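S.K.: Quick one, what's the 3D model for this:
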Amino acid sequence: MLSDIVPVTVSLVAASLMDDTAVRVVSVVGGLALVTMALRSLREQPEQAPRRSASGDYLRGAVTNILNPNAWIFWLGAGAPLLAGVFEDGAWAGAGWVGLFYLGLVGTKVVFAVAVGRAGEMLGERALRSLTIASVVLMAGVGVWLVVEGLRGQ
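M.R.: Reported below is the predicted structural model:
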């Protein structure tokens, strides 16, 4: 979460310097990127992750997050335009959006990690594929919404 400060801040500054047309273009491009990532996810096969110790290697995770192109694509293409639009309704609305976004993001990851950890080997290939498809539908849906909003000028 703390490592998101760099991409979020840079993306918000970049979005604030752009005119409405540029923000709309970024929204459309970001939406198309999300749809593309969603479709690519359908082709990927689930991998068995190697077991690692639970000793938190925060620095490695932070560096990975900062260098992760997906975080930049999200914040430049979708997150910053969405957040900038919410901030137009006031600072409290923007702060609330960020808080709820991270509560949902972190909460979902925690719930998912606990569920997968408890399910262990019980999750078969079919269940993993179903979860991937559900994620793809959600990601593609957000991408399509961003494209439509960008084209409409919202």
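
S.K.: Return the list of helices and strands in contact with the helix or strand harbouring Val6.
M.R.: Following DSSP states H and E, one finds Val6 within helix 5-17. Under the contact definition 3 or more C-beta pairs under 8 Å, 6 or more residues apart in numbering; DSSP states H and E, helix 5-17 sits against helix 69-74, helix 80-87. (Each C-beta comes from the backbone N, C-alpha and C, glycine too.)

S.K.: got the buried residues for it?
M.R.: Within helix 5-17, the residues scored as buried using 16 or more other C-beta atoms under 10 Å are 7-8, 11-12, 15.

S.K.: contact partners of that helix?
M.R.: Outside of helix 5-17, the residues within contact range by C-beta atoms under 8 Å, 6 or more residues apart in numbering are 23, 26, 66, 71-72, 75-76, 79-81, 83-84.

S.K.: residues contacting the residue lying closest to Val148 once chain neighbours are set aside?
M.R.: Take Val148 and drop its neighbours on the chain: the residue closest to it by C-beta to C-beta, 6 or more residues apart in numbering is Gly31, 7.9 Å away. Applying C-beta under 8 Å, 6+ apart, one finds that Gly31 lies in contact with 77-78, 142-150.

S.K.: Give me the three-state assignment for Leu128.
M.R.: Of the three states, Leu128 takes helix according to DSSP: H, G, I helix; E, B strand; the rest coil.

S.K.: now the contacts of Gly31 in a markdown table, with secondary structure, distance to Asp89 and pLDDT?
M.R.: As requested, those are exported to a markdown table (DSSP: H, G, I helix; E, B strand; the rest coil; distance: C-beta to C-beta, whole Å; pLDDT from 0 to 100):
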| residue | secondary structure | distance to Asp89 | pLDDT |
| --- | --- | --- | --- |
| Gly77 | helix | 21 | 76 |
| Ala78 | helix | 18 | 78 |
| Val142 | helix | 20 | 86 |
| Gly143 | helix | 23 | 86 |
| Val144 | helix | 24 | 91 |
| Trp145 | helix | 18 | 87 |
| Leu146 | helix | 18 | 82 |
| Val147 | helix | 23 | 88 |
| Val148 | helix | 20 | 90 |
| Glu149 | helix | 15 | 84 |
| Gly150 | helix | 19 | 84 |
